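> Show me the folded form of this:
(one chain, ligands or ions: 1)
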Amino acid sequence: MASLTQLPAWQALIQHKKQMRRFDMRTAFAEDAQRFAHFSLKVGDVLLDYSKNRISPETLRLLVSLARESGVEALRAAMFAGEAINVTEHRAALHTALRNPARPSLEVDGVNVMAQIRAVLDQMQRFTEAVHTGTWRGHTGQRITDIVNIGIGGSDLGPAMVCMALGPYAQPGVRVHFVSNIDPSHLATTLAQINPATSLFIIASKTFTTLETLANARSARQWLLAQLHDEAAVARHFVALSTNVQGVKAFGIDPANMFEFWDWVGGRYSLWSAIGLSIALAIGWKNFESLLAGAQAMDSHFAEAPLEQNMPVLTGLIGLWYHNFWRAETYAILPYDQRLVLLPAFLQQLDMESNGKGVTRDNRPVNYSTGPIVWGAAGTNGQHAFFELLHQGTRLIPADFLIAAENSTPLGDQHEWLIANCFAQTEALLVGKTKAVARAELIAQGMSRTQANALAPHKVFSGNRPSNTLLYRRLDPHTLGMLIALYEHKVFVQGAIWNINSFDQWGVELGKQLAPPIREALESGTITSPHDSSTTGLIQAITRPNI
Ligand code: G6Q
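Residues are numbered from 1 along each chain as shown. Next up is the predicted model:
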């Protein structure tokens, strides 16, 4: 493929950006009474309003051309077909197959993966129902009341985010906890809240070699055995989610209590696989199926809708427009939905681990920027913290606002206030406030002209600041599945255009390589591997604190 920056659409977008430099969304809204209708799209229960962006019909036409010229459609077809699009690891990326169990067959390396997927789903369903009905009990015959998922990164963030989001669907009698950090305080705090006789530990690790997870799993087993005094208890209180049968056996978990997945499931795309067991246990099997079905609905839309009316394509292109042509380095995720409080952290991994890459799929360094910085927090809390910078700071920060029309746990008129705040913020970002208006307001409040002139510049909001709004009826499992799949595919579209491999994560590996020699030095007090003087100094500050 020609270099991205040489494509006609990229070149045209450079020119177009020059014409759009002074584009004012307020004027665009004034000139087109139908702007919302022209720049919004509904898929199922999810409405995307992308009208508050610095875009014209011509911008979208050029961006869609860029998607076509850079081969997004071919790569999308290859992903759904199970081709090895993860080129550096020679693997398919088939999270879409996990949520389409009705698909008759799909061969990867001569194996029908659909049969494997269905078999594991059946095993997960049987187990989930056994725990919920009390058929599966702890070693002393008591029912399971607490589930502890021990995993990190992709084996933690997705399930933790979903369980939090779907709290109103929680099964009675079961609490789910997540332990990820090797900092012992994480596990210790959780253990202090639970009873070993009624607890089930899910050891979630694709590789079953991850230091943090294995260390926490070992400590959890020791704690359990110290209280139940019988090695046989492990079989009733520990299950594993992994691709590594040998590792699971070596740890001492019976492979009969292992839920398998496969190397073509990326960690950050794995909540739809056996890694979702904690979700099924938290919300029940039917709701887990509904989560999968929601993601599948978004998959079908992504696979079939024309690029011009394709939600993941449009959000991906608009994000890329700001990142590459307006040099916006970050974007904010602002769920006006307390239950989505973990969404920014989940999307941080999804986006930054997928597209934080500097080498193309054909092994050349990129000569354009990739991988925006993702951050955010739940509204309205963010409003009282960092929104100042969004409104009055010097940077351009596109933002996604997410809001439900209905709340699962309404109280008085609080939800109406939540919606009002959400819409008011996107409106304020758009409309802003001029110096003349600020000055007039101050004078109307009784301030002298001199004082008003001095204060007015501080009360100016430039406006014309972009946002998307995702409005959904209610945060139910189906809608949440759609929203997550939307972001997965958005990231895919951007990675496809940047011609990078969104499915590997070599950057994660470096820390895994460097930590063991430091650990050894901390224990022995002798540094045997070469380090810079900073690292050496820090190690010695621990091993020889008095020097
Ligand atoms: C995700 C990453 C990474 C991974 C963790 C845990 O895409 O690869 O976050 O999920 O390092 O790995 P294991 O599941 O193998 O323990």
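> Remind me what the helix or strand bottoming out on mean pLDDT in the chain packs against, helices and strands.
Using mean pLDDT, DSSP states H and E, helix 506-524 stands out as the lowest-scoring helix or strand of the chain, at a mean of 88. Here helix 506-524 touches helix 533-543, going by 3 or more CB pairs under 8 Å, 6 or more residues apart in numbering; DSSP states H and E. For glycine as for every other residue, the C-beta is placed from the backbone atoms N, C-alpha and C.
> Now stretch 175-190: buried residues?
176-180, 182, 186-187, 190 (16 or more other CB atoms under 10 Å).
> Now, those residues that are in strands?
Among those, the members found in strands (DSSP state E) are 176-179.
> between those, which is nearest Ile55?
Nearest to Ile55 out of those is Phe178 (CB to CB; 38.9 Å).
> Tell me who's in contact with that closest one.
Phe178 sits next to 148-149, 151, 156, 159-160, 163, 278 when contact means CB atoms under 8 Å, 6 or more residues apart in numbering.
> Widest-spaced pair of the buried residues of stretch 175-190?
Greatest spacing in the buried residues of stretch 175-190, by CB to CB: Val176 and Ile182 (20.5 Å).
> can you count the residues close to the residue nearest to Val113 when sequence neighbours are not counted?
Leaving aside its sequence neighbours, Val113 sits nearest to Leu106 (CB to CB, 6 or more residues apart in numbering; 5.3 Å). Using other CB atoms under 10 Å, Leu106 has 20 other residues around it.
> Also the one 4 residues further on?
The local packing count at Gly110 equals 5, with neighbours defined by other CB under 10 Å.
> follow-up on the earlier one: include pLDDT and distance to the ligand when you put the buried residues of stretch 175-190 into JSON lines, please.
Listed next are these as JSON lines, based on pLDDT from 0 to 100; distance: CB to the nearest ligand atom, whole Å:
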{"residue": "Val176", "pLDDT": "98", "distance to the ligand": "18"}
{"residue": "His177", "pLDDT": "98", "distance to the ligand": "18"}
{"residue": "Phe178", "pLDDT": "98", "distance to the ligand": "13"}
{"residue": "Val179", "pLDDT": "98", "distance to the ligand": "13"}
{"residue": "Ser180", "pLDDT": "98", "distance to the ligand": "9"}
{"residue": "Ile182", "pLDDT": "97", "distance to the ligand": "12"}
{"residue": "His186", "pLDDT": "98", "distance to the ligand": "15"}
{"residue": "Leu187", "pLDDT": "98", "distance to the ligand": "15"}
{"residue": "Thr190", "pLDDT": "98", "distance to the ligand": "18"}
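> Kindly reformat those residues as a markdown table containing distance to Val239.
Converted to a markdown table, the buried residues of stretch 175-190 look like this (distance: CB to CB, whole Å):
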| residue | distance to Val239 |
| --- | --- |
| Val176 | 14 |
| His177 | 15 |
| Phe178 | 15 |
| Val179 | 15 |
| Ser180 | 17 |
| Ile182 | 21 |
| His186 | 20 |
| Leu187 | 17 |
| Thr190 | 17 |
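> Spell out which parts of the stretch 201-350 of the chain neighbour the ligand.
Listed as neighbours of the ligand in the stretch 201-350 of the chain under the rule CB under 6 Å from any ligand atom: 205-207, 210, 213, 266-268.
> redo that, cut-off 8 Å
Applying CB under 8 Å from any ligand atom, we find that the stretch 201-350 of the chain lies next to the ligand at 204-210, 212-213, 242, 266-270, 275, 349.
> now, which of these lie within helices?
With helices taken from DSSP state H, the overlap with those comprises 212-213, 349.
> which one of those is nearest the ligand?
Distance to the ligand across those (CB to the nearest ligand atom) is lowest for Thr213, with 5.0 Å.
> gap between the closest residue to Phe36 other than its chain neighbours and the ligand?
In space, and not counting its chain neighbours, Phe36 is closest to Ser51: 4.9 Å by CB to CB, 6+ apart. Distance from Ser51 to the ligand, counting by CB to the nearest ligand atom, to the nearest Å: 34 Å.
> so Ser51 touches His38, yeah?
Yes. Assessed by CB atoms under 8 Å, Ser51 is found in contact with His38 at 7.2 Å.
> The two: which has the busier surroundings?
Each of Ser51 and His38 has its neighbours counted (other CB under 10 Å); Ser51 has more, 22 against 12.
> On the three-state scheme, the more buried one is what?
Put simply, Ser51 is coil when judged by DSSP: H, G, I helix; E, B strand; the rest coil.
> from the stretch 101-250 of the chain, which residue is nearest to the ligand?
For the stretch 101-250 of the chain, CB to the nearest ligand atom, closest residue to the ligand: Gly153, 2.1 Å.
> does that residue really touch Val508, like I thought?
Yes. With contact defined as CB under 8 Å, Gly153 counts as touching Val508 (7.2 Å).
> check contacts around the closest residue to Ile144 other than its chain neighbours.
Ranked by CB to CB, 6+ apart and with sequence neighbours excluded, the top spatial neighbour of Ile144 is Leu200, at 4.8 Å. Neighbouring residues of Leu200 by CB under 8 Å, 6+ apart: 131, 138, 144, 146-148, 237-239, 281.
> Would you mind measuring from Leu200 to Ser180?
Applying CB to CB, to the nearest Å, the value for Leu200 to Ser180 is 17 Å.
> quick revisit: may I have the beta-bridge partners of the residue nearest to Ile144?
For Leu200, the beta-bridge partners are Ile147 (DSSP bridges).
> Right, I'll call it a day here.
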